[in-house]
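Enquirer: have a look at this fold, sequence not included:
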């Protein structure tokens, strides 16, 4: 048994191994007319990958370019179109992942960035509104990232805000209105106890 990993690598994998085998076979044919006839049939097979009734001339020319590329430009036929050489580029460079020093990963970089901005804001209704949104976002992050739902409470959010802001944000838990769609750890306990009754 022969595995694809043991075979020669495909030049254009989109067309598959059968088309590549046909291209390799056409290169071995001695008669120029027969090679052209077979190349036209290969183009018909390749065109089935793009099912449209009327194939635009640009697509057909691209297919001929692909055929020439798959044959390593060694196929000796009368090409119906001028062949454009395809430049083979290597793998694209890896995009660098921003490795920020995130203190509490479950909150993420954006929450820490927002905390840095809020801690420098002046006291007032705008800061209180932003703190309310921030506390609710932190609550959501805790709820969805933490498998221990019992650790979700408002005091923890206040403590984390204090710690992440270097002591500059002190919130009064009673003034923050939390979104009720995210249950607290206590609600989860009470729901479990009701189910078990």
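Expert: Looks like it came in fine. Fair warning: this is a prediction, and the values are worked out from it, not measured in the lab.

Enquirer: what's the longest helix in this protein?
Expert: Looking across the chain with DSSP state H, the single longest helix is helix 125-145.

Enquirer: from the chain's centre, how far out is that one? Work that out for me.
Expert: Taking Cα atoms, centre = their mean, to the nearest Å, the mean C-alpha location of helix 125-145 is offset from the chain mean by 27 Å.

Enquirer: tell me how far the next helix or strand after that helix is from the chain's mean position?
Expert: Elements were assigned by DSSP states H and E; along the chain past helix 125-145, the next helix or strand is helix 154-164. Its chain's average C-alpha position is 33 Å from that of helix 154-164, according to Cα atoms, centre = their mean.

Enquirer: what comes into contact with helix 154-164?
Expert: 103-104, 107, 112, 115, 131, 134-135, 138-139, 142, 169-171, 173, 176, 178, 184 (Cβ atoms under 8 Å, 6 or more residues apart in numbering). To be clear about C-beta, it is placed using only N, CA and C from the backbone, and glycine gets the same treatment.

Enquirer: and the buried ones among those, selectable in ChimeraX?
Expert: This is how ChimeraX selects the buried members of the contacts of helix 154-164, with burial counted by 16 or more other Cβ atoms under 10 Å:
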select :107,112,115,131,134,135,138,139,142,169,171,176,184
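
Enquirer: just the buried positions in the helix or strand containing residue 68, please.
Expert: Counting by DSSP H and E, the element that carries residue 68 is helix 57-70. Residues 60, 61, 62, 63, 64, 65, 66, 67, 68, 69, 70 are the ones in helix 57-70 that count as buried (16+ other Cβ under 10 Å).

Enquirer: ok, residue 39 - contacts?
Expert: Contacts of residue 39 (Cβ under 8 Å, 6+ apart): 26, 67, 75, 77.

Enquirer: now those residues in CSV, with distance to residue 121 and pLDDT?
Expert: Output for these, formatted as CSV (distance: Cβ to Cβ, whole Å; pLDDT from 0 to 100):
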residue, distance to residue 121, pLDDT
26, 72, 94
67, 64, 92
75, 69, 89
77, 72, 91
